[in-house]
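A.B. asks: make a model of this:
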Amino acid sequence: IGVMNEVVEGRGSPSGGVFYSIKHLPDNLIDYFPVWRNEPYLTPEWEFKGFKLKGLMEEMKRGYASEVGPASHFFMGGIRVNEYCQTNVPGLYASGEVAGGTHGGNRLTGNACTQILVQGYWGGEKAASEAKEIADTEIDQDQVKALEKEYLKPLENRDGPSSFSMRKRIQSLSWEKVGVLRSGELLTDALRTIDAMKEESSQTAVKAKERAYNKEWIEALQVRNLLTLLEAIARSGLAREDSRGAHYRRDFPRLDNEKWLKNIVVKNVNGKMRTESVPIVMTSYDPRRRGE
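C.D. replies: Numbering: from 1, shown residues only. As a prediction, this is how the structure comes out:
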C-alpha cells in the first residue's frame, strides 16, 4: 500500500514503481540474509526458483537502486461452497483456490496444496456419491443453440473492437481504479466504464475466421469473462466500507470489525450482479481433540 501510494501521488519511478536501495545496510548482513532466511528456495548463492540474483545483489551492495512495485498474485475471493465443496448450482463443485471463504482478508501462505488436497478429497467423494444417484439429464437444445449463436458472433462480426486491445484496456482499468489503493469514487467510475465495455465487447470482431487454434477468437470470449470478474471485484470492493487484509479503501482506511466482520457475496439476480453481506460464523477447534 505504501509503495502504491507513492506512485498514485506522483512520486513513483519511471516504470510505475519505486526505487529500492539496501546501501545503508552492512555488506556482511546482506550476505547473511539467504542463510538467515533458511528458505528452501533461496540458496546462499542468491538463486531463487531458477533466478540467479547474485549479480544484482552485488550491484545493490555498491549502491544500485532497483525499481520494484506491487503485482497481482492471488485472488482472495472465490465460489461459495459448503463443507462438501458443493455450490448452489446442482452438480457443480469447487475446491482449492477457486473456492472462496478459506482465506478471509488475506491468503494463508503455503496452504494452496493442502487446500486442494483436503477439499479435493471431500468434493470428489461427495461428487462421486451424487453422480451414482443422478439419472441421465436431457440437454436443453434451445439453450445450446443460444450459446452457440453467442459464441460464434465474434467470428461473424465484420467490424468491431479488437479483443487484444480490449484486454489491455481492462488491465489498465483494473490497475488504476480497482487495484491496491481503492476508493468509492474510483470504484464507482470503474463500474461505469465496465458497463460501457460490456456493451462494446458484444460487438467484438476477430480477423481470423478459423475455428481451430484461433487465439483471437478465444481472447474475444475471455474478454467477457474478464469484465464479469472485474465487475464482481469492483462491486465487492465498493460494498465493503473498511480496510482489511489485501483490501484497502483510502476513504475507509481503518479496520471495522463492528460493522464489517462479514463476507461479501456476489449473486446473479435476474441477469444483474448484486452484492450482499453475510455475517461470519466464528468457530474454534481444540487440536488436542483430534481423533475423538
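A.B. asks: what about residue 245, distance to residue 235?
C.D. replies: 18 Å (C-beta to C-beta, to the nearest Å). For glycine as for every other residue, the C-beta is placed from the backbone atoms N, C-alpha and C.
A.B. asks: ditto for residue 70
C.D. replies: Distance, residue 70 to residue 235, by C-beta to C-beta: 22 Å.
A.B. asks: now swap in residue 272 and tell me
C.D. replies: In this view, residue 272 and residue 235 are 11 Å apart by C-beta to C-beta.
A.B. asks: of these two, give the one with the bigger neighbour count.
C.D. replies: With neighbours defined as other C-beta atoms under 10 Å, residue 272 and residue 235 compare such that residue 235 has more, 19 against 7.
A.B. asks: surely that one and residue 265 touch.
C.D. replies: No: contact between residue 235 and residue 265 fails when scored by C-beta atoms under 8 Å: they sit 10.8 Å apart.
A.B. asks: shared neighbours of those two, which are they?
C.D. replies: Common neighbours of residue 235 and residue 265 (criterion: C-beta atoms under 8 Å, 6 or more residues apart in numbering): residue 275.
A.B. asks: all helices for the stretch 1-150 of the chain, in order.
C.D. replies: Secondary structure of the stretch 1-150 of the chain (DSSP state H, counting those that start in this stretch): helices at 2-8, 27-37, 54-61, 112-133, 141-156.
A.B. asks: what's next to the longest one, contact-wise?
C.D. replies: Right, helix 112-133. Helix 112-133 is contacted from outside by 81, 83-86, 91, 93-97, 99, 102, using C-beta under 8 Å, 6+ apart.
A.B. asks: pull out the buried residues from that helix.
C.D. replies: For helix 112-133, the neighbour count (16 or more other C-beta atoms under 10 Å) marks 115-116, 119, 122-123, 126-127 as buried.
A.B. asks: now it: how far from the chain's centre is it?
C.D. replies: Relative to the centre of its chain, helix 112-133 is centred 23 Å away, using C-alpha atoms, centre = their mean, to the nearest Å.
A.B. asks: pull the CA atoms of it into CSV?
C.D. replies: Once non-C-alpha atoms are left out, helix 112-133 reads as follows in CSV (Å, rounded to 0.1, in the frame of the first residue of the first chain):
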residue,chain,number,x,y,z
ALA,A,112,-2.5,-23.9,-1.6
CYS,A,113,-1.5,-27.6,-1.9
THR,A,114,-3.1,-28.5,1.4
GLN,A,115,-6.4,-26.8,0.4
ILE,A,116,-6.7,-28.5,-2.9
LEU,A,117,-5.9,-32.0,-1.4
VAL,A,118,-8.3,-31.7,1.5
GLN,A,119,-11.1,-30.0,-0.3
GLY,A,120,-10.5,-32.1,-3.5
TYR,A,121,-10.9,-35.3,-1.4
TRP,A,122,-14.1,-34.1,0.2
GLY,A,123,-15.6,-32.7,-3.0
GLY,A,124,-14.5,-35.7,-5.1
GLU,A,125,-16.0,-38.2,-2.6
LYS,A,126,-19.3,-36.3,-2.4
ALA,A,127,-19.5,-35.7,-6.2
ALA,A,128,-18.9,-39.4,-6.9
SER,A,129,-21.6,-40.4,-4.5
GLU,A,130,-24.0,-37.9,-6.0
ALA,A,131,-23.2,-39.0,-9.6
LYS,A,132,-24.3,-42.5,-8.8
GLU,A,133,-27.8,-41.3,-7.9
